[in-house]
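K.L.:
Provide a 3D model corresponding to the input given below.
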Amino acid sequence: MSNDADSMSISVLSSGSGGNVTYIETNQHKVLLDAGLSGIRIKKLMKSINRDLNDVDMLLVTHEHTDHSKAVGILARKYPKINVYANEQTWKAMASTIGEVPECQKNIFPPNMTMSFGDLDIESFAVSHDAARAQFYNFHHNNKSFVVITDVGYVSDHISGVIDNANAYVFECNHDLEMLRSGEYPWSLKQRIMGDEGHLSNEDGADALMDCIGRNTEHIFIGHRSHHNNVKELAHLTVASMLEEHDFGVGHDFDLLDTDVEQASPLYTL
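P.N.:
Numbering: from 1, shown residues only. This is a model prediction of the structure:
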């Protein structure tokens, strides 16, 4: 799928507790958000949507956890065209795990700031998560917007305002509460996941979405699903049912889409 000057295309290459990578494309930029898989795996996923890592010029990192940062250093060293962006705290926190990144490719992207890159404006917003300084992003191009928000304990009113009425979302629905509570995780880990610096449950994700969906919303990707505490069909059913109960037009006004760690979504043009 080609991309003309008036459109922004997106593909969720991988989303889940095992790794996260999203691709964003405009006429001027080819962007990766996070690199939470091996470089080889990311290259294969890019190829599956007929895109090439050699064309990527930007990599934005949300936080240092390895399911988001695993290949940051590898990609930077192998593809010198890629400029890498993260906030100062995230750079410091992932320094010991990603290896060397050439200084000429390292860039600071502070939280709660909009930076302009030609035909793409990118807005960062800080979230509550047990990382050094987690932040996610709202991508703006030609009056279209695309939001990725995962790894968040709760969605504040401020964040809801920042990400309101986007054309597309990757939205966290990490766990089913009953599966998490009855599962094998130690209680301390369960508390962390359910806490204000943890992850959104299916129900929490649906609740937060209802504060954000607007007339412009076309696509919603259910993201960052836990392998141990969730099931794709359950997450989809829970979110769809809650939205429909509140008169949101699932499948009519917007598509509700599943994501996978192993398989990239098609390219969607906004």
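K.L.:
phi, psi of Q28?
P.N.:
phi -100, psi -20 (degrees, to the nearest 10).
K.L.:
buried ones in stretch 259-270?
P.N.:
Within stretch 259-270, the residues scored as buried using 16 or more other C-beta atoms under 10 Å are T259, V261, A264, S265, L267, Y268, T269, L270. Where C-beta positions appear, they are placed from N, C-alpha and C, glycine not excepted.
K.L.:
Please disregard the earlier target; I meant stretch 43-53.
P.N.:
K43, L45, M46, I49, R51, L53.
K.L.:
The fourth one and L267 touch, don't they?
P.N.:
Yes: proximity of I49 to L267 meets the contact threshold set by C-beta atoms under 8 Å, at 5.4 Å.
K.L.:
which residues do these two both contact?
P.N.:
Common contact partners of I49 and L267 (C-beta atoms under 8 Å, 6 or more residues apart in numbering): S11, Y23.
K.L.:
mind checking how far the nearest residue to Q89 once chain neighbours are set aside is from E233?
P.N.:
Sequence neighbours aside, R133 is the residue nearest to Q89 in space, at 3.6 Å (criterion: C-beta to C-beta, 6 or more residues apart in numbering). According to C-beta to C-beta, to the nearest Å, R133 and E233 sit 35 Å apart.
K.L.:
Counting neighbours, go ahead and name the busier of those two.
P.N.:
More crowded of R133 and E233, by other C-beta atoms under 10 Å: R133, with 20 against 9.
K.L.:
Return the distance of that one relative to I108.
P.N.:
Distance from R133 to I108, by C-beta to C-beta: 12 Å.
K.L.:
any shared contact partners between the two?
P.N.:
With contacts defined as C-beta under 8 Å, 6+ apart, the residues shared by R133 and I108 are N87, E88.
K.L.:
shaky segments in the protein?
P.N.:
Applying pLDDT under 70 to the chain flags residues 1-5.
K.L.:
which residue ranges form the strands in it?
P.N.:
In the chain, the strands defined using DSSP state E lie at 9-14, 21-25, 30-33, 58-60, 83-86, 106-108, 114-117, 120-126, 135-141, 144-149, 168-172, 219-223, 255-258, 268-269.
K.L.:
Take those and write them to CSV, including distance to H246.
P.N.:
Below are the strands of the chain laid out as CSV (distance: least, C-beta to C-beta, whole Å):
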stretch, distance to H246
strand 9-14, 25
strand 21-25, 27
strand 30-33, 29
strand 58-60, 32
strand 83-86, 36
strand 106-108, 40
strand 114-117, 31
strand 120-126, 25
strand 135-141, 24
strand 144-149, 20
strand 168-172, 15
strand 219-223, 14
strand 255-258, 14
strand 268-269, 24
